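Peer 1: mind folding the following:
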Amino acid sequence: MGRENGGAMSDGVLRKILLSYTYVAIWIFLSFSVIVYNKYILDPKMYNWPFPISLTMIHMGFCSTLAFLVIRVFRLVEPPSSPAMTRDLYASSVLPIGALYSLSLWFSNSAYIYLSVSFIQMLKALMPVAVYSIGILFKKESFKTASMLNMLSISFGVAIAAYGEARFDGWGVTLQLAAVAFEATRLVLIQILLTSKGISLNPITSLYYIAPCCFMFLLVPWSFVELPRLREAASFKPNVLIFGTNSLCAFALNLAVFLLVGKTSALTMNVAGVVKDWLLIAFSWSVIRDTVTPVNLFGYGIAFLGVAYYNHVKLQALKAKEAQKKAQQADEEAGALLQERDGDRKSDSQA
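Peer 2: You can find the predicted model right below:
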């Protein structure tokens, strides 16, 4: 009997591990596909459609439509009902997050016109630095010397990688750093504006509320920056297959995030992101033929170690929090049991 239970348990654990790896693989594949696909569309040497705001708006319009169909028409996903998404809550919480998300997507897509895929991934290693710094600014993180030294090591590694970049472009770097700053601020604001109010949005409900907001925010700069240029290029007809499949990949990536974070954890996605970055650097060098110098790799190696240590610290903190929670539950159960025994003794003595 014991062996059978042990075998069943080990089969269950194995199945869980295999499913986790499957979710990670799907997320890496889709994230990889969206990045390379966007680079292909925007790069002047490839498809040569240098309209990043338009591309982002196409993604947001497509995702808004599908999210509306999934939630309102087919009712496959329920929108959050507690607390209800009121007009005031939408204006105070969703609109600022949507504005930051639109800026993050706009600038990150724009960077593909000027920088290689590999170098963009190296610059994205600064995300923990940005999140930690903005967290301190908004008093969501406490200043710790060890954490700051870790952030400095990541920044130092990225600076070396930038120094060794063969296709360094100051404007492209500015765009990507701005995208990192906007995305980090968005992540911190999600904690402050949504999580603190008890609102939990999965990627589908996030798209349902945030994607239309992003589309409207982007409409203003698009009207001034890209619409006149698109009118001049009126003879150009976008390929429906390319833009349709590109948008579908962007939507599928949000579903993959939901699966990965929902079935594993956000920390798993961070670790998987490091693997994805190395794969993209290898792909950029071997297939796209971007130049990756030894100084690039040395600098990114230092940043990678810093990010790995950051993830390790987060994992230890998560384990300590879980252990504390279990210990608290055990204390509460023990206290309830003692009270129950005291009550039984009193009733026995009275009898």
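Peer 1: who touches residue 58 in this structure?
Peer 2: Residue 58 makes contact with 243, 246, 247, according to CB atoms under 8 Å, 6 or more residues apart in numbering. From N, CA and C alone the C-beta is placed, and that goes for glycine too.
Peer 1: what segments of the chain are helices?
Peer 2: 2-42, 52-68, 87-89, 95-114, 117-123, 127-137, 145-163, 170-189, 203-225, 227-232, 240-263, 266-286, 294-350 (DSSP state H).
Peer 1: the inter-axis angle of the second one versus helix 2-42?
Peer 2: Just to be clear, that refers to helix 52-68. Counting by axes from the mean of the first three to the mean of the last three CA atoms, to 10 degrees, helix 52-68 lies at 140 degrees to helix 2-42.
Peer 1: picking up where we left off before, looking at the helices of the chain, which is closest to residue 76?
Peer 2: For the helices of the chain, the distance to residue 76 is smallest for helix 203-225, at 8.2 Å, taking CB to CB.
Peer 1: buried set for the closest one?
Peer 2: By neighbour count on 16 or more other CB atoms under 10 Å, the buried set for helix 203-225 is 203-215, 217-218, 222.
Peer 1: nearest to residue 46, of these?
Peer 2: For the buried residues of helix 203-225, the nearest to residue 46 is residue 222 (22.1 Å; CB to CB).
Peer 1: I'd guessed the closest one sits against residue 55; true?
Peer 2: No - under the criterion of CB atoms under 8 Å, residue 222 makes no contact with residue 55, lying 10.6 Å away.
Peer 1: show residues contacting stretch 24-40.
Peer 2: Counting by CB under 8 Å, 6+ apart, stretch 24-40 makes contact with 46-47, 55, 109, 112, 117, 245-246, 249-250, 252-253, 256-257, 259-260, 264, 268-269, 272-273, 275-276, 279-280, 283, 288, all of which sit outside it.
Peer 1: repeat that for 7 Å
Peer 2: Here stretch 24-40 makes contact (CB atoms under 7 Å, 6 or more residues apart in numbering) with 46-47, 55, 109, 112, 117, 246, 249-250, 252-253, 256-257, 259-260, 268-269, 272, 275-276, 279-280.
Peer 1: again, but for stretch 251-258
Peer 2: So stretch 251-258 is in contact with 26, 27, 30, 31, 34, 62, 63, 66, 202, 203, 204, 207, going by CB under 7 Å, 6+ apart.
Peer 1: tabulate the residues you listed in CSV, adding columns for distance to residue 313.
Peer 2: What follows is the contacts of stretch 251-258, written out as CSV (distance: CB to CB, whole Å):
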residue, distance to residue 313
26, 27
27, 23
30, 28
31, 24
34, 29
62, 38
63, 34
66, 37
202, 27
203, 26
204, 31
207, 31
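Peer 1: pLDDT below threshold where in this structure?
Peer 2: Per-residue confidence of the chain (counting by pLDDT under 70) places the weak regions at 1-10, 80-83, 234-236, 262, 266, 336, 340-351.
Peer 1: ok, the residue lying closest to residue 50 once chain neighbours are set aside - how many residues close by?
Peer 2: With CB to CB, 6 or more residues apart in numbering as the criterion, residue 50 has its nearest non-adjacent residue at 5.4 Å, and that residue is residue 113. As a burial measure, residue 113 scores 19 neighbours (other CB atoms under 10 Å).
Peer 1: surely residue 113 meets residue 42?
Peer 2: Yes - using CB atoms under 7 Å, residue 113 is in contact with residue 42, at 5.3 Å.
Peer 1: between those two, which contacts overlap?
Peer 2: Residues touching both residue 113 and residue 42 (CB under 7 Å, 6+ apart) are 50, 52.
Peer 1: in stretch 36-53, what's buried?
Peer 2: Neighbour-count burial for stretch 36-53 flags 36-43, 49-53 (criterion: 16+ other CB under 10 Å).
Peer 1: kindly report the same for stretch 13-20.
Peer 2: By 16+ other CB under 10 Å, the buried positions in stretch 13-20 come out as residue 20.
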